[in-house]
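Engineer: show me how the following folds:
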Amino acid sequence: QEEVRAELMAEAGEVVDELLAWQDKHRAPTLTEMEDIVLALRERMGRRMLELTMQDQEAVKPEVAPRCESCGEVMTYKGQKKRGVGTRAGGVAVERGHYYCPRCASGVFPPGPAVGNGGGVLE
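Structural biologist: As a prediction, the model looks like this:
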């Protein structure tokens, strides 16, 4: 947790510095311009928080491989793969374990079923 805390604190410092630099360059911004920069920085910080949370979850490899949703076969661990994942917080890059079903040739890229976006599998 200390590593994650340090990374988030560093990112937060960069976000604050970027906001302050923006303020120096925009002495009379409109409310919309202020909203735009704050929302963009909030989105960036949220994505980073989600990336680190997802990476922390992968630190413990499951003892039991997942079963294929199509055929029920135990899936084979194929190593780490980096993927872009669409989330409610925006697109995030995450490196996670990838599993493959030898029977029906499908793969899964956990964390598995998504919440809040139709329940699809994040692959």
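Engineer: in the chain, what helix or strand scores lowest on average pLDDT?
Structural biologist: The weakest-scoring helix or strand in the chain, judged by mean pLDDT, DSSP states H and E, is strand 121-122 (a mean of 40).
Engineer: show me the shaky parts of the chain.
Structural biologist: Scanning the chain for pLDDT under 70 picks out 56-63, 110-123.
Engineer: just the strands in it please.
Structural biologist: Ranges of strands in the chain, per DSSP state E, are 76-87, 90-100, 107-108, 112-113, 121-122.
Engineer: what's the single longest helix in the chain?
Structural biologist: helix 31-58 (DSSP state H).
Engineer: show me what it is packed against.
Structural biologist: Applying 3 or more C-beta pairs under 8 Å, 6 or more residues apart in numbering; DSSP states H and E, one finds that helix 31-58 makes contact with helix 2-25, strand 76-87, strand 90-100. For the C-beta atoms, the positions are set from N, CA and C on the backbone; glycine is no exception.
Engineer: distance of the residue with the largest distance to the centre of the chain relative to S106?
Structural biologist: Here the chain reaches farthest from its C-alpha mean at A28, the gap being 35.0 Å by C-alpha atoms, centre = their mean. As for A28, its distance to S106 is 56 Å (criterion: C-beta to C-beta, to the nearest Å).
Engineer: quick one: V4 from G84, how far?
Structural biologist: Look at V4 and G84: by C-beta to C-beta, they are 21 Å apart.
Engineer: who has more neighbours, these two?
Structural biologist: Neighbour totals were compared for V4 and G84, and V4 leads with 13 against 8 (other C-beta atoms under 10 Å).
Engineer: surely that one touches L52?
Structural biologist: Yes - contact criterion C-beta atoms under 8 Å: V4 and L52 qualify, at 5.0 Å.
Engineer: distance to E33 for the helices and strands packed on helix 31-58 - can I get that in TSV?
Structural biologist: Shown next, in TSV, are these (distance: least, C-beta to C-beta, whole Å):
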stretch	distance to E33
helix 2-25	9
strand 76-87	27
strand 90-100	21
